[in-house]
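Engineer: take a look and give me a structure for this.
(chains A and B)
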Protein chains: 2
Amino acid sequence: MRYAVLGTGQVGRTLGGRLVELGHEVRLGSRTRDNTAAVQWATAAGPGAGVGTFAQAAEFGEVVVNAVGGRVALAALEAAGPDNIGGKILVDVSNPLAFEEGELRLSPVGSDSVGEQIQRAFPRARVVKTLNTVNCRVMVEPDRVPGEHNVFVCGDDPGARERVTALLGEFGWPAGRVLDLGGIRAARAVEMWLPLWAGLFQSFGHGDFNLEVRRSR
Amino acid sequence: MRYAVLGTGQVGRTLGGRLVELGHEVRLGSRTRDNTAAVQWATAAGPGAGVGTFAQAAEFGEVVVNAVGGRVALAALEAAGPDNIGGKILVDVSNPLAFEEGELRLSPVGSDSVGEQIQRAFPRARVVKTLNTVNCRVMVEPDRVPGEHNVFVCGDDPGARERVTALLGEFGWPAGRVLDLGGIRAARAVEMWLPLWAGLFQSFGHGDFNLEVRRSR
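Structural biologist: Numbering: from 1, shown residues only, chains lettered A, B, ... in the order given. Okay, here's the model as predicted:
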């Protein structure tokens, strides 16, 4: 498959690298064509890895992955271009976190989410929110954390949720550990997990943890 | 010990009933002295159980438990009276959930929480937020859910967090399963878990579930 991964930060490089390892072709997209981090990444990742602008990457990919920060996601996707995104599956792994008044805060929060913002701005795209609840190393290597811990998918297109669940399987998440929360509105719920994630990160001193939902049957 | 449990809904009756079973004396507080639900609860719960106004209950208790809804918590505690609450441990298990525009929403959310509101309004009280992340039946009977699942405590007074951790032990939560998130500011993080809880509740069709934090060591 051909993937566009938008964002050259740790999340984008980690996801892009794993996709290349899995045999996919990846274009890592950034604001400029010759982004140093992207070029270094492509050199190290080897065959299948390439770089480009947000628009070049989005045009190349059959699936588009938003791996820029949640607060700049709409700007990056606008730069990628509505025509290049079209009706493709758009996987959003971002969180709208930033420091405000010395504290890490979400915005939007509560009555909206980045996932929903993206779906409204790109109504033809089949947006699926996933993986935003774990550190990027855990995203592509879930066995870093012991146990049958979970990730979530939500999005308005059931077929797109299934396709993304299959991609999560390639990353090492068995389908039974992927909890389907239904439509994209649930993006606000998974984004609101982040403050508790941040508290646990502070308490543990590392990001190799996740939640396992336990239930009676 | 003598406990005040403020609130005669399912949460208050369940917590109060379990405290009586454990041999404590409980006054279930409500807006009026002769609240029908409270009187029926006290009759069924047996010796050790009593009812009263919010103020009578708070005066009686060595520890005060806020089990009214998060959006009316401040009003109930004002009625209980700052002098009756004084410097006591005030256990807050509430969530500020209500339906708005047909959706279950939190308010406050993000940059504040009910736990923090209560601590600001009653600066002498030693507020500890806990148990708001699970259904009330799971609060007092954690074995309803399989696994080493977790609850959280936070509050500005470390001694009060320890005392509440011991109370959780009486309910069936071993100390190793109680995650200490530090000061009361973390109340916003545990309250923001609720939208995901609600999504899982809708998906499973019951409330007998909880999260287990899994981590590498």
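Engineer: show me where chain A has its helices.
Structural biologist: Remark: helices assigned in chain A by DSSP state H are A:10-21, A:36-45, A:54-60, A:73-80, A:82-85, A:114-121, A:136-140, A:158-171, A:187-191, A:194-204.
Engineer: which residues are in contact with the shortest one?
Structural biologist: In this case it means helix A:82-85. Residues outside helix A:82-85 that contact it (Cβ atoms under 8 Å, 6 or more residues apart in numbering or on different chains): A:Ala55, A:Ala58, A:Glu59, A:Val64, A:Leu77, A:Phe122, A:Arg124, A:Ala125. From N, CA and C alone the C-beta is placed, and that goes for glycine too.
Engineer: do the same with stretch A:199-217
Structural biologist: With contact meaning Cβ under 8 Å, 6+ apart, stretch A:199-217 is reached by A:133-135, A:137-138, A:142, A:144-145, A:147-151, A:179, A:193, B:144-147, B:149, B:179-182, B:186, B:189, B:200, B:204, B:206, B:208-216.
Engineer: check the gap between the closest residue to A:Val51 other than its chain neighbours and chain B for me.
Structural biologist: Of all residues beyond its chain neighbours, the one nearest A:Val51 is A:Ala38 (4.1 Å), with distances taken as Cβ to Cβ, 6 or more residues apart in numbering or on different chains. Distance of A:Ala38 to chain B, computed by Cβ to the nearest Cβ, to the nearest Å: 30 Å.
Engineer: again with A:Cys136
Structural biologist: Distance of A:Cys136 to chain B, given as Cβ to the nearest Cβ: 15 Å.
Engineer: wait, isn't that residue in contact with A:Val11?
Structural biologist: Yes - if you go by Cβ atoms under 8 Å, A:Cys136 and A:Val11 touch, sitting 4.4 Å apart.
Engineer: need the contact list for the residue sitting nearest the centre point of chain A.
Structural biologist: Centroid-nearest residue in chain A, with Cα atoms, centre = their mean: A:Val93, separated by 2.1 Å. A:Val93 makes contact with A:Val11, A:Leu15, A:Val65, A:Asn66, A:Ala67, A:Lys129, A:Thr130, A:Leu131, A:Asn132, A:Met139 under the criterion Cβ under 8 Å, 6+ apart.
Engineer: neighbours of the third one, how many?
Structural biologist: Using other Cβ atoms under 10 Å in any protein chain shown, A:Val65 is surrounded by 31 other residues.
Engineer: and the residue nearest to A:Pro195 when sequence neighbours are not counted, what pLDDT?
Structural biologist: For A:Pro195, ignoring the flanking residues on the chain, the nearest one in space by Cβ to Cβ, 6+ apart is B:Ala189 at 3.8 Å. Per-residue pLDDT puts B:Ala189 at 98.
Engineer: mind listing what B:Ala189 touches?
Structural biologist: Listed by Cβ under 8 Å, 6+ apart, the contact partners of B:Ala189 are A:Pro195, A:Leu196, A:Ala198, A:Gly199, B:Leu181.
Engineer: now with 6 Å, please.
Structural biologist: A:Pro195, A:Leu196, A:Gly199 (Cβ atoms under 6 Å, 6 or more residues apart in numbering or on different chains).
Engineer: I'd like to know how many residues surround the last one.
Structural biologist: When neighbours are defined as other Cβ under 10 Å, A:Gly199 has 21 of them.
Engineer: distance of A:Ala121 relative to A:Phe60?
Structural biologist: 21 Å (Cβ to Cβ, to the nearest Å).
Engineer: which of the two has more neighbours?
Structural biologist: Counted by other Cβ under 10 Å, A:Ala121 and A:Phe60 do not tie: A:Phe60 has more neighbours, with 18 against 15.
Engineer: point out where chain A drops to low pLDDT.
Structural biologist: Chain A contains no residues with pLDDT under 70.
Engineer: which bits of it sit near chain B?
Structural biologist: Those residues of chain A that sit near chain B, judged by Cβ under 6 Å from any Cβ of the partner chain, are A:105-106, A:109-111, A:144-147, A:149, A:181, A:186, A:189, A:192-193, A:195-196, A:199, A:204, A:208-216.
Engineer: counting neighbours, which of the contacts of stretch A:199-217 end up buried?
Structural biologist: A:133-135, A:137-138, A:142, A:144-145, A:147, A:149-151, A:179, A:193, B:144-145, B:147, B:149, B:179, B:181, B:186, B:189, B:200, B:208-215 (16 or more other Cβ atoms under 10 Å in any protein chain shown).
Engineer: in strands only, show me the residues you listed.
Structural biologist: Those of the buried ones among the contacts of stretch A:199-217 mapping onto strands are A:Val151, A:Leu179, B:Leu179, B:Phe209, B:Asn210, B:Leu211, B:Glu212, B:Val213, B:Arg214, B:Arg215, per DSSP state E.
Engineer: for A:Val127, list each beta-bridge partner.
Structural biologist: For A:Val127, the beta-bridge partners under DSSP bridges are A:Leu90.
Engineer: wait, it sits on A:Val91?
Structural biologist: No - contact criterion Cβ atoms under 6 Å: A:Val127 and A:Val91 do not qualify, at 8.1 Å.
Engineer: any idea which of the helices of chain A is most buried?
Structural biologist: Of all these, helix A:187-191 has the most neighbours on average by mean count of other Cβ atoms under 10 Å in any protein chain shown, namely a mean of 27.
Engineer: for the contacts of helix A:82-85, which one is nearest A:Ala98?
Structural biologist: A:Ala98 lies nearest to A:Leu77 out of the contacts of helix A:82-85, by Cβ to Cβ, at 18.0 Å.
Engineer: OK, contacts around the closest one?
Structural biologist: Listed by Cβ under 6 Å, 6+ apart, the contact set of A:Leu77 is empty.
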